[in-house]
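**Q** coords please:
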Amino acid sequence: MRAALESLESLLRARKLDVTLTSAAPWSETPPDRVAPTGCADLDAALRGGLRRGHLSEIVGAPSSGRTTLAATLLAAATARGEAVALVDTCDTFDPSSAAAHGIDLARLLWVRDTGDPARALKAFSLVLQAGGFGLVLLDLADVAASAIRRFPWTTWMRLARIVEGSDTVAMVMGAERIARSPHGVTIALEASAAQWSGRGSRARIFRGVAPAPRVVSAR
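**A** Numbering: from 1, shown residues only. As a prediction, this is how the structure comes out:
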């Protein structure tokens with residue numbers, strides 16, 4: 001039975017169909033060099049070490065959920081390891097000063113700026129993945145209308161997963177809702193914690209702020 005399974009998997013890989021494969025094996029079996037720590041201890045614990053290299057994962061969340069902060073944390077962790085990273089900034093919202101303050105080594109960052117065209121940004125994302133040599137490549141679609149993203153055929157995301165498969169790159173897509181991931185990629189859903197106020201009655205209330213709470217929705 002084991003031999004038959006391995007033979008089938010080899011056939012799928014030969015036909016470039018292995019992106020459809022998944023496994024019931026626990027994450028703990030992933031070799032350490034195939035995992036990229038996120039820089040967030042709690043998230044790394046949930047992911048059993050970090051994000052898997054050679055797979056497409058995603059960050060999803062509403063505005064103010066902490067998605068941009070998490071993206072910056074991922075980029076900072078990768079550059080701290082000496083890796084080159086790339087950001088495809090679809091709506092030109094990236095702030096280099098804030099990024100540097102968050103720990104991102106800008107000398108190791110390729111910043112691809114756009115003006116809101118998701119098709120062009122997707123093409124740039126694909127080209128960067130094909131070029132290789134990056135520890136992390138992030139496509140920011142967070143401010144793109146969901147209707148525009150849904151116009152892309154589902155095969156688009158399969159093609160991207162196939163490009164990155166087997167490489168040392170972690171491919172990430174960030175959006176307001178789920179977009180796509182490869183079989184061994186993850187969906188990291190972010191939810192903002194409830195706002196906390198102080199004060200009573202007609203007195204002015206003081207807003208204490210919202211803290212993003214990362215929650216791993218799926219690890220397979």
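
**Q** Look at Ala146 and say how many residues are nearby.
**A** 11 (other Cβ atoms under 10 Å). Every C-beta, even on glycine, is put in place using the N, C-alpha and C of the backbone.

**Q** Pretty sure it sits against Ile179.
**A** No. Ala146 is not in contact with Ile179 according to Cβ atoms under 8 Å; the separation is 9.2 Å.

**Q** now the helices for the protein?
**A** Assigned helices in the chain, in chain order: 2-14, 41-46, 67-80, 96-101, 118-131, 146-150, 155-164 (criterion: DSSP state H).

**Q** Could you single out the most deeply buried of those helices?
**A** Neighbour counts (mean count of other Cβ atoms under 10 Å) averaged over each of those peak at helix 67-80, with a mean of 22.

**Q** Which elements pack onto that helix?
**A** Here helix 67-80 is seen to pack against strand 55-61, strand 85-89, helix 96-101, strand 136-140, strand 170-175, strand 187-192, strand 212-218 when contacts are counted using 3 or more Cβ pairs under 8 Å, 6 or more residues apart in numbering; DSSP states H and E.

**Q** and those as CSV, adding distance to Arg108?
**A** Below are those laid out as CSV (distance: least, Cβ to Cβ, whole Å):
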stretch, distance to Arg108
strand 55-61, 20
strand 85-89, 6
helix 96-101, 11
strand 136-140, 10
strand 170-175, 15
strand 187-192, 23
strand 212-218, 24
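
**Q** do you know which of those lies nearest Ala41?
**A** strand 212-218 (11.0 Å; Cβ to Cβ).

**Q** average pLDDT for that closest one?
**A** For strand 212-218, the mean pLDDT works out to 52.

**Q** before we move on, what about stretch 145-154?
**A** 92.

**Q** what sits up against that stretch?
**A** Pro118, Ala119, Leu122, Leu141, Gly175, Ala176, Glu177, Ile179, Ala180 (Cβ atoms under 8 Å, 6 or more residues apart in numbering).

**Q** Tell me how far the fifth one lies from Phe152.
**A** Applying Cβ to Cβ, to the nearest Å, the value for Gly175 to Phe152 is 12 Å.

**Q** May I have the beta-bridge partners of Leu109?
**A** Leu109 forms beta bridges with Val85, as assigned by DSSP bridges.

**Q** What about it, how many residues nearby?
**A** Neighbours of Leu109 (other Cβ under 10 Å): 20.
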